[in-house]
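> structure of the sequence below:
(one chain, ligands or ions: 1)
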Amino acid sequence: MKVGIVSDTHFGYRRFEEDAERQGREAILSAAKECDLLLLPGDIFDTRVPRPETLASVVKILNEAAGAMRSRDVAKCAEYPFFPPIAVIHGTHERRARGLVNPIELLALSGHWISCHNKTVLFEKDSVEQSDVHFPKENASDIECKLDAEGLRDKPSESSLGCERIAISGLGGVPDDLAKEALAQMSCKPVGGAYNIFMLHQSFSEFIPSGAEMLSLEDLPQGFDMIVCGHMHAPHYSKKKPFLIPGSTVITQLREEEQGQKGYYVLDTEKKSAEFMPVKTRPFHFVKLEFSGTKPQDAEKRAKEAIEQVMKISKNEKPIIRLVLSGTLAEGFVSADLSSLQSADAFLQIDNNLASATLADRLAFIRELRAQKESARDFGMQSLRKKAQAAGLNASFDDDFFFELGAGPDAVFEKMKNFEKIFQQRDENPATIKKKEPEASGPK
Ligand SMILES: [Mn+2]
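Modelled structure (predicted):
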C-alpha cells in the first residue's frame, strides 16, 4: 500500500494563515489522490480551540480528500466502514485537559478521520482487482459449491487473495518530561500479519540537542515496521531505523532548519521505501550577520544589502526573511536603529543583538568567570569548610559530607552524633580542639 504522511499543517496559524491553508491543503489533497491511506501525526490545527472558520476550511479539505479516495480502491477499515482511511493523532497544539474535547476528536466524531490515539486500528486493502477474478457464468454455482464443500470459503489464505493489512498505533503529543511514562502506559501494540506503524508527536534528543528530558530513539516501542513522528518541523527519513519525520507544511518558528523544502512523504509498504514530495511553499531565508566595532549606519547598510540579495532571488513571491545581527558596535554607540529596513515586499523579522562594546566586554567577562568557576558542590564544600573551621569542627569535615547527607536520615543522624561529641569535647577542654586547628585547616 501507499501511505501518505502529512504533519504539522498548523491550520489557523494567525501569522501566516493563508500559507498554512494553501500549503496544508496541497499536501493533504496530493497525498489523498495517490495514496491508499493517510496518516496525520498531529498539530493539524494550530490551536486547541480553532475558530469555526478554521474548522470549516479543514472540513472542506477533508471532504475533498475523502472524495478523491472514495473514487479509487483504497484501504478500508472494518471498525469504521464509513470513514475515509485517514488516521490521526493530536499534537501538542491540539492537546486539551482530560474531559475536554480537542479538535482532532471532534472531527473523528463527525466521521472525517479516524483517531488512533492510544489504540491500534487495522486497515486492509485487496490488492487483486475485482475484475481480475471471474468465473465462467454457467459454472459459477458449481465452483462456489466446491469451495464450500472444501471449506475454503471461510479461510481464504492472505497470500492467495493478496490482502494487505496495515495496523496503525498512535500516541498523541504529551509534554516531553511525561513522554516515557505515556509510552509505558499506552494500550496499543503491533498486530501479527500486518505492516505495523507507530505514530507519535514528540521531540527526540537525537534531533534537538538541548533535549535532556526528551525521548531518545532507544525509548521507542519494539515490533513496529515504521515509526512516524510529528512535532519536529524539518523532514527526515531513516530507512535503517526505520524512522520518519514528515516535517511541517508551513513556516512557524522561523528557525534556521526550517529553510529546507516542505512537503509530505509517500511510504510504499511493499518496496519498504519512502519518498519526499515537496509542496510549493513561500520562500524563507535565515540570514546571520556578524559585526565587530561597527558604526550603526554601517550595520544598517550591510543589513539592507543582505535583504536586497534575498529579494533578487525571490522573484515574484514575497519572502519571509529572518535577519539575525550580532556582535559589537563602535565605541560610544549603545544601539542601532534598524526600523528603516522594514518594507512591504517581505515578511521581515529582525533579531537585533548588537551591543555596545563596553556591555559586550562585561558579558564576555561574566561568561569567562562562569566557565572558570568550580562546580556548585566544590563551592558549597569550600564555604562549609570555612564555617566549620570557625566553629572548630575541622576534624569531622571531609569531602564526603554531602554524599553522606544524601544517603538518608540515618546517615545524617550518625553525622550529627559525631558533631555532638566534638562540641562536648570543645566545651570541656577548648585547648585540645584549638591545637588541632592549624594542621587540618583550609584548602591546600
Ligand atoms: Mn508543530
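> do a quick rundown of the helices in the stretch 51-200 of the chain.
Ranges of helices within the stretch 51-200 of the chain are 52-70, 103-109, 140-149, 158-161, 179-185, based on DSSP state H, counting those that start in this stretch.
> of those helices, flag the one that's most buried.
Sort the helices of the stretch 51-200 of the chain by mean neighbour count, taking mean count of other Cβ atoms under 10 Å, and helix 103-109 sits at the top with a mean of 19. Using the backbone N, CA and C atoms, a C-beta is placed for each residue, glycine as well.
> which strands or helices does that one pack on?
helix 52-70, strand 86-89, strand 114-115 (3 or more Cβ pairs under 8 Å, 6 or more residues apart in numbering; DSSP states H and E).
> so is the second one next to the ion?
No: counting by Cβ under 5 Å from the ion, the ion is not contacted by strand 86-89; separation bottoms out at 12.5 Å.
> which parts of that strand are buried?
Residues 86-89 are the ones in strand 86-89 that count as buried (16 or more other Cβ atoms under 10 Å).
> want to throw those into CSV with pLDDT?
Formatted as CSV, the buried residues of strand 86-89 follow (pLDDT from 0 to 100):
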residue, pLDDT
Ile86, 98
Ala87, 98
Val88, 98
Ile89, 98
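> can you list these in TSV and add distance to Thr281?
Output for those, formatted as TSV (distance: Cβ to Cβ, whole Å):
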residue	distance to Thr281
Ile86	22
Ala87	25
Val88	22
Ile89	24
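> between those, which is closest to the ion?
The ion has its nearest neighbour among the buried residues of strand 86-89 in Ile89, at 12.5 Å by Cβ to the ion.
> identify the residues contacting that closest one.
Ile89 makes contact with 40-42, 104, 115-117, 170-173, 199-201, 230, according to Cβ atoms under 8 Å, 6 or more residues apart in numbering.
> go again using 10 Å as the cut-off
Going by Cβ atoms under 10 Å, 6 or more residues apart in numbering, Ile89 touches 7, 39-44, 104, 115-118, 168-173, 199-201, 228, 230.
> return only those of these found close to the ion.
Checked against the ion using Cβ under 5 Å from the ion, the contacts of Ile89 yield the following neighbours: Asp43.
> list buried residues within the contacts of Ile89.
Buried, going by 16+ other Cβ under 10 Å: 7, 39-44, 104, 115-117, 168-173, 199-201, 228, 230, out of the contacts of Ile89.
> in strands only, show me those residues.
39-41, 115, 168-171, 199-201, 228, 230 (DSSP state E).
> need these in a markdown table (columns: pLDDT).
Below are these laid out as a markdown table (pLDDT from 0 to 100):
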| residue | pLDDT |
| --- | --- |
| Leu39 | 98 |
| Leu40 | 98 |
| Pro41 | 98 |
| Ser115 | 97 |
| Ile168 | 97 |
| Ser169 | 97 |
| Gly170 | 97 |
| Leu171 | 97 |
| Met199 | 98 |
| Leu200 | 97 |
| His201 | 97 |
| Val228 | 98 |
| Gly230 | 97 |
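> which one of those residues is nearest to Leu220?
Proximity of these to Leu220 (Cβ to Cβ) peaks at Leu200, which lies at 8.4 Å.
> dump the residue contacts of that closest one.
By Cβ under 10 Å, 6+ apart, Leu200 lies in contact with 41-42, 89, 91, 117, 169-174, 179, 182-183, 186, 215, 220-221, 227-231.
> three-state assignment of Glu258?
Here Glu258 is recorded as helix under DSSP: H, G, I helix; E, B strand; the rest coil.
> Leu29 now?
Secondary structure state of Leu29, per three-state DSSP, is helix.
> check it and give its pLDDT.
The model reports Leu29 with a pLDDT of 98.
> who touches it in this structure?
By Cβ under 10 Å, 6+ apart, the contact list for Leu29 reads 4, 6, 61-62, 64-65, 67-68, 279.
> from these, which are also near the ion?
Intersecting the contacts of Leu29 with the surroundings of the ion, defined as Cβ under 5 Å from the ion, gives nothing.
> Lys421: which of the residues you listed is nearest?
Of those, the one sitting nearest to Lys421 (Cβ to Cβ) turns out to be Val6, at 71.8 Å.
> let me see the domain layout of this protein.
Listed by automatic domain parsing, the domain ranges of the chain are 2-128+141-278, 284-371, 380-440.
> mean neighbour count, those domains: which tops it?
With neighbours defined as mean count of other Cβ under 10 Å, these peak in mean count at domain 2-128+141-278, which reaches a mean of 18.
> any idea how far apart the tips of that domain sit?
End-to-end distance of domain 2-128+141-278 (Cα to Cα, to the nearest Å): 17 Å.
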